[in-house]
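*Asks:* just coords:
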DNA sequence: CGCCCTTTTGAAGAAAATCAAGGGCAGTGG
DNA sequence: CCACTGCCCTTGATTTTCTTCAAAAGGGCG
């Protein structure tokens, strides 16, 4: 149960043989817990470790000069971050724990060795990076309208949750607040709130506190252009 | 003169030995010209070739359902695109020629072989991807204000031009229109125009047609948070 | 119970889009 | 050589979208 989300994530990206997967499973992982609101990794930090999300939600974010926060991506169990380390580059952004997070840390040399031994694993990392990049580009593309943006973000999150094989993916209690959504999309929490209300009125979704149900998945995807 | 911008680009990212560079220089490149306004690569296309910009300016872009265009990055000589091919993934966006472009195409197998032979070249490609990703994230972060966005974009472009070793980088005739700037930042051309006027009034820049001079580099970077 | 965080809603204001029109400049063709 | 055409820049007036400021209500938790 522990790191299986990560293994599944990798395995879903490329065909890899049993040995390759076994080498991933036997990676020496040092795991620790980061409390909600604390940073898992800080901008400017030059780590020698790659972080694997084992439990909880986290966000990539940057702070602007006026103190406002921009979230540039969400990290769910199975996701990883800090591949910068392979290039010995400093982090250009921080990773903050949205909920309490259990994070596994693997030394970059261990990862490098596995990549060297199993090129398909290397390709999987490439794919994962590519997926991040595609997501970033998509966020730029949808960022012309609050309704589009929010719909798109919800679709993306629900798809990620689906990959984690939850039973129901159309009805979930999300750990993120409306402020998080706003920070992710460059909107104020107030405007997110109003737009969510509009989406309720449109019959797209239903919310009760932080529980969110998608009433019309097809239409939501359509609105989002997903 | 031909591919030197690309070689310089790679060489600037990692330490690589003479053999590695030589293998890059001797890559079999098939070059062709794409007319201004035409696509160098199209969204959804699954190419077996990597494109290297030899001459001209191009843009990564996506079309929205309403027909509007979002530019997600500019490509200058020395830049490359289509690394998707290494992962056998389809392009998630198109590449359009802003000016007439000379593009070199290298088969993915050739690139793969060089990466296999010279790991440092592989790291350089990683670095380049990382740089793209950082740029994408930065665009998201600055996208809260027209003045910031435009200033940031100008800084980024001038820095890229600087890396191409132009004599003057503070006074350049850019091939991009105000519409391009707007498409890149999610603004209308009209608003870009007004903001540029404001920047002129602030004494940051001076424009004459498409010729652009940065009057106060330090202050521009400061405004941009670059 | 009381506190803090989040959600919700209202009213006013700022930022950017839209609509519209005029002008400059370069290329094209008579 | 000059008129024509298309593209781009520029500016004004108006409308929409989003923010800001403010306040109240709900919900979880020590």
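*Replies:* That came through fine. As the structure is a prediction and not an experimental result, all values here were calculated from the model. Residues are numbered from 1 along each chain as shown, chains lettered A, B, ... in the order given.
*Asks:* what about chain A, any weak spots by pLDDT?
*Replies:* Within chain A, the stretches with pLDDT under 70 are A:1-3.
*Asks:* switch to 80 and redo it
*Replies:* Counting by pLDDT under 80, chain A shows low-confidence ranges at A:1-3, A:165-169.
*Asks:* Close to chain B: what parts of it are there?
*Replies:* For chain A, the residues in contact with chain B (CB under 8 Å from any CB of the partner chain) are A:60, A:62, A:64-65, A:68, A:70, A:72, A:84, A:86-87, A:89, A:92-93, A:123, A:126-127, A:129-130, A:132-134, A:136-141, A:143-144, A:186, A:225. For every residue, glycine as well, the C-beta is placed using N, CA and C.
*Asks:* which ones are touching residue A:149?
*Replies:* Neighbour list for residue A:149: A:139, A:142-143, A:185-187 [criterion: CB atoms under 8 Å, 6 or more residues apart in numbering or on different chains].
*Asks:* mind checking which helix or strand it is in?
*Replies:* helix A:146-163 (DSSP states H and E).
*Asks:* Please enumerate residues in contact with the very next helix or strand once past that helix?
*Replies:* As assigned by DSSP H and E, the chain's next helix or strand after helix A:146-163 is strand A:171-173. For strand A:171-173, contacts defined as CB under 8 Å, 6+ apart pick out A:158, A:161, A:166, A:209-214.
*Asks:* Out of those, which is nearest to residue B:176?
*Replies:* residue A:158 (37.3 Å; CB to CB).
*Asks:* Tell me how many other residues surround the closest one.
*Replies:* Residue A:158 has 22 neighbours, counted by other CB atoms under 10 Å in any protein chain shown.
*Asks:* Just want to check the distance between it and residue A:169.
*Replies:* Using CB to CB, to the nearest Å, we find residue A:158 at a distance of 5 Å from residue A:169.
*Asks:* Residue A:155 too?
*Replies:* Separation of residue A:155 from residue A:169 (CB to CB): 11 Å.
*Asks:* Looking at the two, which one has more neighbours?
*Replies:* Higher neighbour count among residue A:155 and residue A:169: residue A:155, with 21 against 17, using other CB under 10 Å.
*Asks:* Might you report the residue contacts of the residue of chain A found nearest DNA strand D?
*Replies:* In chain A, the residue that lies nearest DNA strand D is residue A:191 (3.0 Å; CB to the nearest atom of the strand). Taking CB under 8 Å, 6+ apart, we find residue A:191 in contact with A:146, A:182.
*Asks:* For the strand or helix carrying it, buried residues please.
*Replies:* For residue A:191, the element it lies in under DSSP H and E is helix A:189-201. By neighbour count on 16 or more other CB atoms under 10 Å in any protein chain shown, the buried set for helix A:189-201 is A:192, A:195-196, A:199.
*Asks:* For chain B, see how far away the residue sitting furthest away from the middle of chain A is.
*Replies:* The C-alpha centroid of chain A is most remote from residue A:201, which lies 28.5 Å away (CA atoms, centre = their mean). Look at residue A:201 and chain B: by CB to the nearest CB, to the nearest Å, they are 22 Å apart.
*Asks:* Quick check: residues of chain A near DNA strand C?
*Replies:* Proximity of chain A to DNA strand C (CB under 7 Å from any atom of the strand) is limited to residues A:177-179, A:189-190, A:193-194, A:196-197, A:207, A:209-210.
*Asks:* what do you get if the cut-off is 6 Å, keeping everything else the same?
*Replies:* Chain A comes close to DNA strand C at residues A:177-179, A:189-190, A:193-194, A:196-197, A:207, A:210, as judged by CB under 6 Å from any atom of the strand.
*Asks:* returning to that earlier point: just how off-centre is the helix holding residue A:149 within its chain?
*Replies:* Relative to the chain's own centre, helix A:146-163 is displaced by 11 Å; criterion: CA atoms, centre = their mean, to the nearest Å.
*Asks:* now it against helix A:189-201, angle please.
*Replies:* 80 degrees (axes from the mean of the first three to the mean of the last three CA atoms, to 10 degrees).
*Asks:* and helix A:146-163, anywhere near DNA strand D?
*Replies:* Yes. Judged by CB under 6 Å from any atom of the strand, helix A:146-163 comes into contact with DNA strand D at residue A:146.
*Asks:* show me the contacts for the residue most central in space within chain A.
*Replies:* Centroid-nearest residue in chain A: residue A:75, 2.5 Å away (criterion: CA atoms, centre = their mean). Applying CB under 8 Å, 6+ apart, we find residue A:75 in contact with A:53, A:57-60, A:81, A:95.
*Asks:* Residue A:21 is in contact with residue A:11, correct?
*Replies:* Yes. Between residue A:11 and residue A:21 there is a contact under CB atoms under 8 Å: 6.3 Å.
*Asks:* So chain A: which segments form each domain?
*Replies:* The record's domain parsing of chain A by automatic domain parsing lists A:4-138, A:143-224.
*Asks:* Tell me which of those sits nearest to residue B:111.
*Replies:* Nearest to residue B:111 among the domains of chain A is domain A:4-138; the distance by CB to CB comes to 12.5 Å.
*Asks:* end-to-end on that closest one?
*Replies:* By CA to CA, to the nearest Å, the extent of domain A:4-138 from end to end equals 28 Å.
*Asks:* Please state the offset of it from the chain centre?
*Replies:* Relative to its chain's centre, domain A:4-138 lies at 9 Å (CA atoms, centre = their mean).
*Asks:* and if you look at stretch A:171-180?
*Replies:* Chain-centre distance of stretch A:171-180: 13 Å, with CA atoms, centre = their mean.
*Asks:* Sounds good, over and out.
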